[in-house]
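Participant: what would the 3D arrangement of this be:
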Amino acid sequence: MTIIEDGTATGAAGGNATAHHEMLMEEHSAHNYHPLPVVVAHAEGAWVTDVEGRRYLDCLAGYSALNFGHRHPALVAAAHRQLDRVTLTSRAFGSDQIGPFCAELAALVGKQLVLPMNTGAEAVESGLKVARKWGYEVKGVPPGRARIVVADGGFHGRTISIVSFSTDPDARGGFGPFTPGFDIVPYGDPDALSAAITPDTVAVLIEPVQGEAGVVVPPAGYLAAVREICDETGVLFIADEVQSGLGRTGHVLATRGAGTDADVYLLGKALGGGIVPLSAVVADSAVLGVLRPGQHGSTFGGNPLACAVGRAVIELLTDTGPEGMLARAAHLGDVLQGRLAGLVGDGVVAVRGCGLWAGVDVDPRLGSGRDVGEALLRRGVLVKDTHGSTIRLSPPLVITQDEVAFAVDALAGALAELR
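Facilitator: Next up is the predicted model:
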């Protein structure tokens, strides 16, 4: 493989350094991932460089954890400043970062309280616990009977409780017995949702856009219908915005972009700027106020280093000018969706998405999503497959219009190669 003048890579992947690292992973790492044959050694902005010196346009962005690109200068600077001061106190003591972080994130989201955690799965688990406690203490559900309605095809993490309501056989297989208390309904179907709610239901947990399922956008009016049903039945609307939030769709929150509001927001991934794990449950005091000292916690949750980076992330998102992250995602998202739509019927069966986020269903006669990912790798573009012949595109919001064009042109070339 060689590097041409604009920094893109051509030719076949491979090389001694790559093989060495893959051997180490094969022999010493649990085989819970099946990565593409690329080993990243350096990254900046929308580009990564592997151990062989080849460059690739990163159109996965850490499943949206890298919304602001690799090593964004403002985020790296915030991390460096905090590294020189204090990185961890545990919540047994206060720090001068957690209070400002919580206040600034609450203001950004328009809620009163923030519960800082580490990973997206932790945020979801925390949200489930809060919803159950709220159900018992506020709604008056009898002890031990709280139920939560979730959607078919949803992805909320990998813990036992979360895979208990997954409909993905790979996520569930071999991990039972499962946590009870969840009712699964078809995604995008308000009538099925309404029918599933009982007096014991405490919450509805929904992704405003289903990411892992292939960037599935619900029908127009669905989220508003969820809001109305929750209001009518007195249950909480919990929006899992771990992937969809913080600029991915051109809005701070995809739920708000659809014109409605949830009671509880679950955030993660991009909140840590691609530097440190950081997640949060954000809600008003009427909901999060049910937690009291000793009832929930995390050693690293809200640590000073993560909060310092999180504050810098919030600052990036408060720029509402034409060059701000949200405006870029909205504008370049239109470009991306338009360019991808032009491939339908030419190796692509369907395209779904919003903002800088797209699921592309490739004609299965051409190959699997993995096949497409490997063909794109040979053209200097990194993507991730999901569910058969679907690939996901979620480039960093710092990507340029020319780079968007390069990615789509590479996809067209990959499809032509597979014919």
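
Participant: name the SS class of L75, please.
Facilitator: Assigned state for L75: helix (three-state reduction, DSSP: H, G, I helix; E, B strand; the rest coil).

Participant: excluding covalently adjacent residues, which one is nearest to it?
Facilitator: Closest residue in space to L75, ignoring its immediate chain neighbours: G273 at 3.9 Å, by Cβ to Cβ, 6 or more residues apart in numbering. To be clear about C-beta, it is placed using only N, CA and C from the backbone, and glycine gets the same treatment.

Participant: surely the one you found touches E315?
Facilitator: No: counting by Cβ atoms under 8 Å, G273 does not reach E315; the two are 10.8 Å apart.

Participant: who's more crowded, the two?
Facilitator: G273 (28 against 14; other Cβ atoms under 10 Å).

Participant: now do the contacts for the more buried one.
Facilitator: By Cβ atoms under 8 Å, 6 or more residues apart in numbering, G273 lies in contact with 68, 72, 75, 78-79, 309-310, 312-313.

Participant: residues in contact with P396?
Facilitator: By Cβ under 8 Å, 6+ apart, the contact set of P396 is 45-46, 58, 61, 66-70.

Participant: pLDDT at the residue nearest to L75, what is it?
Facilitator: On the pLDDT scale, G273 is placed at 98.

Participant: dihedrals phi and psi, it?
Facilitator: phi 70, psi 10 (degrees, to the nearest 10).

Participant: leaving out chain neighbours, which residue sits closest to Q82?
Facilitator: Distance criterion Cβ to Cβ, 6+ apart; nearest residue to Q82, sequence neighbours excluded, is A308 at 3.8 Å.

Participant: what sits against the one you found?
Facilitator: Each residue near A308 by Cβ under 8 Å, 6+ apart is listed here: 78-79, 81-82, 97, 101.

Participant: please indicate which of those residues are buried?
Facilitator: Neighbour-count burial (16 or more other Cβ atoms under 10 Å) is assigned, among these, to 78-79, 82, 97, 101.

Participant: for T386, state which of those is nearest.
Facilitator: Nearest to T386, judged by Cβ to Cβ, of the buried ones among the contacts of A308 is A79 at 30.7 Å.

Participant: just the pLDDT for R419.
Facilitator: At R419, the model reports a pLDDT of 88.

Participant: distance to F237, pLDDT and secondary structure for the buried ones among the contacts of A308 - can I get that in a markdown table?
Facilitator: What follows is the buried ones among the contacts of A308, written out as a markdown table (distance: Cβ to Cβ, whole Å; pLDDT from 0 to 100; DSSP: H, G, I helix; E, B strand; the rest coil):
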| residue | distance to F237 | pLDDT | secondary structure |
| --- | --- | --- | --- |
| A78 | 32 | 98 | helix |
| A79 | 34 | 98 | helix |
| Q82 | 34 | 98 | helix |
| Q97 | 30 | 98 | coil |
| F101 | 25 | 98 | helix |
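
Participant: picking that back up, how close does the residue nearest to L75 get to V398?
Facilitator: 12 Å (Cβ to Cβ, to the nearest Å).

Participant: same deal with G110?
Facilitator: Taken as Cβ to Cβ, the span from G110 to V398 is 26 Å.

Participant: alpha carbons of stretch 371-378, as CSV, please.
Facilitator: This file holds the C-alpha atoms of stretch 371-378, laid out as CSV (Å, rounded to 0.1, in the frame of the first residue of the first chain):
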residue,chain,number,x,y,z
ASP,A,371,-16.8,-7.3,2.9
VAL,A,372,-17.6,-3.7,2.2
GLY,A,373,-15.6,-2.6,5.2
GLU,A,374,-12.6,-4.4,4.0
ALA,A,375,-13.0,-3.0,0.5
LEU,A,376,-13.2,0.5,2.0
LEU,A,377,-10.1,-0.1,4.1
ARG,A,378,-8.2,-0.7,0.9
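
Participant: report the mean confidence score over that stretch.
Facilitator: Here stretch 371-378 scores 98 as its mean pLDDT.

Participant: contacting residues for the residue nearest the centre of the chain?
Facilitator: The chain has Q243 as the residue nearest its centroid, 1.9 Å off, counting by Cα atoms, centre = their mean. Under the criterion of Cβ under 8 Å, 6+ apart, the neighbours of Q243 are 63-64, 120, 207, 209, 211-212, 269, 394.

Participant: and P219, how far from Y187?
Facilitator: Counting by Cβ to Cβ - P219 and Y187 are separated by 10 Å.

Participant: among those two, which residue is more densely surrounded?
Facilitator: Each of P219 and Y187 has its neighbours counted (other Cβ under 10 Å); Y187 has more, 21 against 11.

Participant: touching, the more buried one and P218? I think so.
Facilitator: Yes: look at Y187 against P218 with Cβ under 8 Å: they come within range, at 6.5 Å.

Participant: output the buried ones among the contacts of A308 as TSV; include the columns distance to M25.
Facilitator: TSV is the format used below for these (distance: Cβ to Cβ, whole Å):
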residue	distance to M25
A78	31
A79	27
Q82	31
Q97	35
F101	35
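
Participant: now the helices for this protein?
Facilitator: For the chain, helices defined by DSSP state H occupy the ranges 16-28, 73-83, 98-109, 120-134, 160-163, 169-172, 190-196, 222-233, 254-257, 285-288, 304-317, 325-341, 369-377, 401-418.

Participant: now render the ones you listed as a markdown table, adding distance to G153.
Facilitator: Below are those laid out as a markdown table (distance: least, Cβ to Cβ, whole Å):
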| stretch | distance to G153 |
| --- | --- |
| helix 16-28 | 30 |
| helix 73-83 | 32 |
| helix 98-109 | 26 |
| helix 120-134 | 16 |
| helix 160-163 | 14 |
| helix 169-172 | 11 |
| helix 190-196 | 13 |
| helix 222-233 | 13 |
| helix 254-257 | 16 |
| helix 285-288 | 26 |
| helix 304-317 | 28 |
| helix 325-341 | 21 |
| helix 369-377 | 16 |
| helix 401-418 | 24 |
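
Participant: among these, which is nearest A151?
Facilitator: With Cβ to Cβ, the closest approach to A151 among the helices of the chain belongs to helix 190-196: 8.1 Å.

Participant: what's the average pLDDT for that closest one?
Facilitator: Mean predicted confidence for helix 190-196 is 98.

Participant: likewise stretch 238-249?
Facilitator: 98.

Participant: need phi/psi at V51.
Facilitator: Dihedral pair for V51: phi -70, psi -10, per degrees, to the nearest 10.
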